[in-house]
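Enquirer: Just to be clear, the model below is a prediction. Sequence and coordinates:
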Amino acid sequence: MNEGSRPLVVSMLQDLRKGLTCEADAIVGAVVDAGKKAGVPTPYAEAVLEVIHKKETGEIPVESFPVEYYPGSYLA
């Protein structure tokens, strides 16, 4: 980050912080749907979408990073 600049916050995170739903279904959901149509597994995209939905409903705090939801993650 350049000195004197302010940090950017992506629109999805801004929406989640405001308690709104975000465009995850349109973006990440499209990847999951395309994978299903092509017969290609998309476990990471599915996990990301699940976490975002849980953040939208308040089941998971917005500012957390729940690594247990990411299959095969070296962080888990």
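Expert: Noted; the coordinates are in hand.
Enquirer: which one is E46 nearest to, not counting chain neighbours?
Expert: V32 (5.5 Å; CB to CB, 6 or more residues apart in numbering). Placement of C-beta: from N, CA and C, glycine included.
Enquirer: can you check D15 too?
Expert: Going by CB to CB, 6+ apart, D15 has C22 as its nearest residue, at 4.0 Å.
Enquirer: show me the contacts for that neighbour.
Expert: By CB atoms under 8 Å, 6 or more residues apart in numbering, the contact set of C22 is S11, M12, D15, L16, I52, E56.
Enquirer: Now do the same for it: helix, strand or coil?
Expert: Here C22 is recorded as coil under DSSP: H, G, I helix; E, B strand; the rest coil.
Enquirer: picking up where we left off before, hmm, the residue nearest to E46 is touching T42, no?
Expert: Yes. At 5.1 Å, V32 and T42 qualify as touching, with contact defined as CB atoms under 8 Å.
Enquirer: coming back round to it: just give the number of residues close to the residue nearest to E46.
Expert: Close neighbours of V32, defined as other CB atoms under 10 Å, add up to 18.
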